[in-house]
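Novice: structure of the sequence below:
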Amino acid sequence: MAPRLGIQELIGHKLIDQDGHSVGRIGQVYRDDQTHQPTWVTVQTGMFGSQESFVPLAGAEITDEDLRVPFSKSLIKDSPRFEAGGHLSPEQEAQLYRHYGVQPKVPGPRGQAEEVSAEERARREERTRREERGAGERSPEEASGRGGEAFMTRSEEQARIGVERTESGRARIHKTVESEPFEQDVSVRREELRIEREPVTGEEPTSGRSRMGEQEEEIVLHEEHAVVGKEEVPVERVRISKEEVTDTERVTGELRKEHIEIDEEDKRSGRRRER
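Specialist: Here you go, the predicted model:
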C-alpha cells in the first residue's frame with residue numbers, strides 16, 4: 001500500500017531498489033486523482049539523469065531518509081517512458097502496472113495498487129535480464145563458463161573552465177579651465193627732453209634775431225606701454241581608447257574520481273588480498 005508521504009519528503013532523495021542499489025534521485029511525485037495519496041514517483045535515470053522513469057509506490061518504505069521500492073534497478077530502467085510533468089492517462093498507468101507486475105486494487109483509473117504474486121514478478125525480472133543479456137551482456141553463469149569476466153566502469157570528473165566577461169571599470173575624459181599667472185619682460189620706448197644751449201655770436205644777421213618779449217613753444221612727448229591681448233590657440237590633442245591585454249588567472253577547485261579496489265579471497269590459504 002502506498003506510504004503516506006509528503007512531496008517534500010520524497011523529492012531530491014535517493015530511490016533504492018530491492019537489492020539496496022541506488023537507482024537515482026526522485027524528481028516528481030504523482031498523486032491519485034481520487035484519494036490524493038502519493039501513487040507514483042519519477043526517478044532520474046540515464047547519463048547525468050537525462051531521463052525519468054515512473055515507479056509505483058506500492059510496497060515502498062522510507063529507509064535512512066531514502067525511499068526503497070520492491071523492484072530491481074533493471075526493471076525500473078526498462079519501464080515505459082512517458083513525458084514527466086504532465087498527467088498520466090489511465091492507459092499509461094495501466095501499461096506501467098503491467099510492466100511492474102502490479103494490479104490496481106480498485107477497478108477503474110487512478111486506483112491504489114497492490115502487488116501480484118512474487119512468482120509473477122520474478123518471471124518479469126528474469127525476462128528483463130534475458131533481454132539485457134541478448135543485447136550483449138552475459139549472466140554470471142555464462143561468464144564463468146567462458147573463463148570468468150567481470151566489468152566495472154570507473155568515472156571521474158573533468159574540469160570545464162571558461163571565461164566570463166564582466167565590467168571592471170569606466171574611464172571618462174573631460175577638460176576644465178584654470179588660470180595661471182605669468183610674467184614677461186617687454187621693451188617699451190618713451191620720449192624725453194634733451195636741452196642743448198649754444199651762444200649766439202654777432203655775426204648772425206639781425207633779421208633772424210628774436211625780439212625781446214614773451215614767447216612760447218610746445219613739444220609733444222610720447223611713450224609706449226605694454227598691452228596684453230589674448231587669443232585661443234589649440235596646443236594639444238588627447239585621444240582615449242581601450243585595448244585588450246591578456247593576463248593569467250589561476251583557477252583552483254576539486255575534482256572527484258572513482259577508484260576501483262579488488263578484494264580477493266584465497267580459500268586455500270584463507271588469506272585476503274586487496275589491490
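Novice: let me see the ranges of the helices in the stretch 101-250 of the chain.
Specialist: Applying DSSP state H, counting those that start in this stretch to the stretch 101-250 of the chain gives helices spanning 118-134, 140-145.
Novice: which of the ones you listed has the lowest mean pLDDT?
Specialist: Mean pLDDT across the helices of the stretch 101-250 of the chain is lowest at helix 140-145; the value there is a mean of 43.
Novice: next helix or strand past it?
Specialist: strand 263-266 (DSSP states H and E).
Novice: just the buried residues of that following strand, please?
Specialist: Neighbour-count burial for strand 263-266, counted by 16 or more other Cβ atoms under 10 Å, picks out no residue. To be clear about C-beta, it is placed using only N, CA and C from the backbone, and glycine gets the same treatment.
Novice: from the centroid of this protein, which residue is nearest?
Specialist: Note on the chain: the residue nearest the mean C-alpha position is residue 164, at 8.4 Å, using Cα atoms, centre = their mean.
Novice: where's the residue nearest to residue 240 when sequence neighbours are not counted relative to residue 253, distance?
Specialist: Distances taken as Cβ to Cβ, 6 or more residues apart in numbering place residue 173 nearest to residue 240, at 4.8 Å, with adjacent residues excluded. Distance, residue 173 to residue 253, by Cβ to Cβ, to the nearest Å: 41 Å.
Novice: and for residue 12?
Specialist: For residue 12, the distance to residue 253 (Cβ to Cβ) stands at 24 Å.
Novice: what of residue 96?
Specialist: Going from residue 96 to residue 253 by Cβ to Cβ gives 41 Å.
Novice: so between those two, which is more surrounded?
Specialist: The neighbour comparison of residue 96 against residue 253 (other Cβ atoms under 10 Å) goes to residue 96, with 20 against 7.
Novice: can you pull the pLDDT of that one?
Specialist: According to the prediction, residue 96 has pLDDT 92.
Novice: in which helix or strand does it reside?
Specialist: Judged by DSSP H and E, residue 96 forms part of helix 90-100.
Novice: and that helix, C-alpha only, in CSV?
Specialist: Written as CSV, here are the backbone C-alpha positions of helix 90-100 (Å, rounded to 0.1, in the frame of the first residue of the first chain):
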residue,chain,number,x,y,z
PRO,A,90,-5.4,5.6,-17.4
GLU,A,91,-3.9,3.8,-20.4
GLN,A,92,-0.4,4.9,-19.5
GLU,A,93,-0.9,3.9,-15.9
ALA,A,94,-2.2,0.5,-16.8
GLN,A,95,0.8,0.0,-19.0
LEU,A,96,3.1,0.8,-16.1
TYR,A,97,1.2,-1.5,-13.8
ARG,A,98,1.6,-4.4,-16.2
HIS,A,99,5.3,-3.7,-16.5
TYR,A,100,5.9,-3.8,-12.8
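Novice: what mean pLDDT does stretch 162-170 have?
Specialist: The average pLDDT for stretch 162-170 rounds to 83.
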